[in-house]
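**Q** Pasting the sequence and the predicted model now:
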Amino acid sequence: MTVLNTAPFQRDRYIYATCFMVIVLHFVAHQILGTPFLSSFYILFTFKAFAMTCLLGFVVYFFVLLYRREKSPLSQYAKFISYPFKHPSEALNIALMLTAISLILSVYTSVKDAISFINPFYLDPLLISLEEKIHFGYQPWQLTHALFNSSLATGVINLFYNLWFFFCWIFIIYFCVATRNAQLRQQALISFIGCWMLIGGVLAILFSSVGPCFYGNAYDQSPLFDPLMTLLNAQHNELLEQDMYIAVWALKTQDLLWSSHIANASTFGEGISAMPSMHVSMATLMALSLSALNKKLGVLGWLYLVMIQIGSVHLGWHYALDGYVSIPLTIAIWYAVKKLVPSPNAIREKQPRMRPYA
């Protein structure tokens, strides 16, 4: 009979404690305010996505071994895929970690869906006024569309904007399974939780706003952003007419989100919130994490952050200020967590590690 090693759970106790605290606070808010509580489909989605990621990872790792010209690739591959069976405590810890992360995302979506109930949308007019003052009398979307003025450019921007979901998922999986640098792992995952809850939860409620694409719907059919939405629709139709493989997919997503909002439906990724931008926040967190892992990868991370900031404005999702606020807040959370997490000497590894990360 195999006895589970408690070392992985002790190592990650600060991550679990943070998740537990968030869920308890969310439950208290649910009881007091009557806001939505956790939804189970996030857990199911997470593990389905994880299973698919594992299958893809097994295939990719085999070709990586061939590329490295390992002397005995089959033997190394066998060690890799047998790791969960030889070290069940680490495998169980990964499963529990994914469950905890999925619960945090469920908390975030529940909070996001309740924003207009707790604090009805109000901040957009002030943000719009500030935007014009900061950007010399222009709305930021006018500047991005002047710089990237073709339908193809908008389609490419939308493609990279949508890839954000994939990169976030890779971020989660990597730091759930990569245990070599325990301190960085703790810093990344706790910062991840902190950003979603503080920036995407608390501040999103305080700064309740809908963003340009929903402005007309939320503010008495105001035509202020009609030129932007008309332009995006024209570019989308042009890309379709040219049989391009890319389009302005944001338009359909925005329609679905607003329909879900007015129907009060419970769906994946539901809820509307502009300030602060979680897309920009997560792009910032990924850039910080990549920089800590590898300086060259970090450069790519910061370039991707620029792309997300531009895309959030260009596609009508956000005001530029939403990103301007998210970036320093995310950096502050990153360094605050770094001071709070234990030093490398305090986080001891008592369990063998998976070879790719060792």
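**A** Here it is on my side, so go on.

**Q** CA atoms for contacts and neighbours, from now on please.
**A** Fine.

**Q** any low-confidence regions in the stretch 151-300 of the chain?
**A** 264-270 (pLDDT under 70).

**Q** And the helices in it?
**A** 151-177, 182-194, 204-206, 212-218, 226-241, 250-263, 278-293, 295-314 (DSSP state H, counting those that start in this stretch).

**Q** helices or strands up against the first one?
**A** So that's helix 151-177. helix 88-113, helix 182-194, helix 226-241, helix 278-293, helix 295-314 (3 or more CA pairs under 8 Å, 6 or more residues apart in numbering; DSSP states H and E).

**Q** With distance to Ile272 and mean neighbour count added, can I get the ones you listed in JSON lines?
**A** Formatted as JSON lines, the helices and strands packed on helix 151-177 follow (distance: least, CA to CA, whole Å; neighbours: other CA atoms under 10 Å):
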{"stretch": "helix 88-113", "distance to Ile272": "7", "mean neighbour count": "21"}
{"stretch": "helix 182-194", "distance to Ile272": "19", "mean neighbour count": "22"}
{"stretch": "helix 226-241", "distance to Ile272": "17", "mean neighbour count": "16"}
{"stretch": "helix 278-293", "distance to Ile272": "11", "mean neighbour count": "22"}
{"stretch": "helix 295-314", "distance to Ile272": "14", "mean neighbour count": "20"}
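
**Q** any chance of the ones you listed in JSON lines, with distance to Pro140 too?
**A** Formatted as JSON lines, the helices and strands packed on helix 151-177 follow (distance: least, CA to CA, whole Å):
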{"stretch": "helix 88-113", "distance to Pro140": "25"}
{"stretch": "helix 182-194", "distance to Pro140": "28"}
{"stretch": "helix 226-241", "distance to Pro140": "11"}
{"stretch": "helix 278-293", "distance to Pro140": "16"}
{"stretch": "helix 295-314", "distance to Pro140": "7"}
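
**Q** wait, which of the ones you listed is closest to Ser260?
**A** Checking the helices and strands packed on helix 151-177 against Ser260 by CA to CA gives helix 88-113 as the closest, at 9.7 Å.

**Q** How far away from the center of its chain is the closest one?
**A** 13 Å (CA atoms, centre = their mean, to the nearest Å).

**Q** Could you number the chain from 437 rather than 1 from now on?
**A** Sounds good: first residue 437 from here, last item helix 524-549.

**Q** Report all helices and strands that that helix contacts.
**A** Helices and strands touching helix 524-549, by 3+ CA pairs under 8 Å, 6+ apart, are helix 443-447, helix 449-469, helix 477-504, helix 509-522, helix 587-613.
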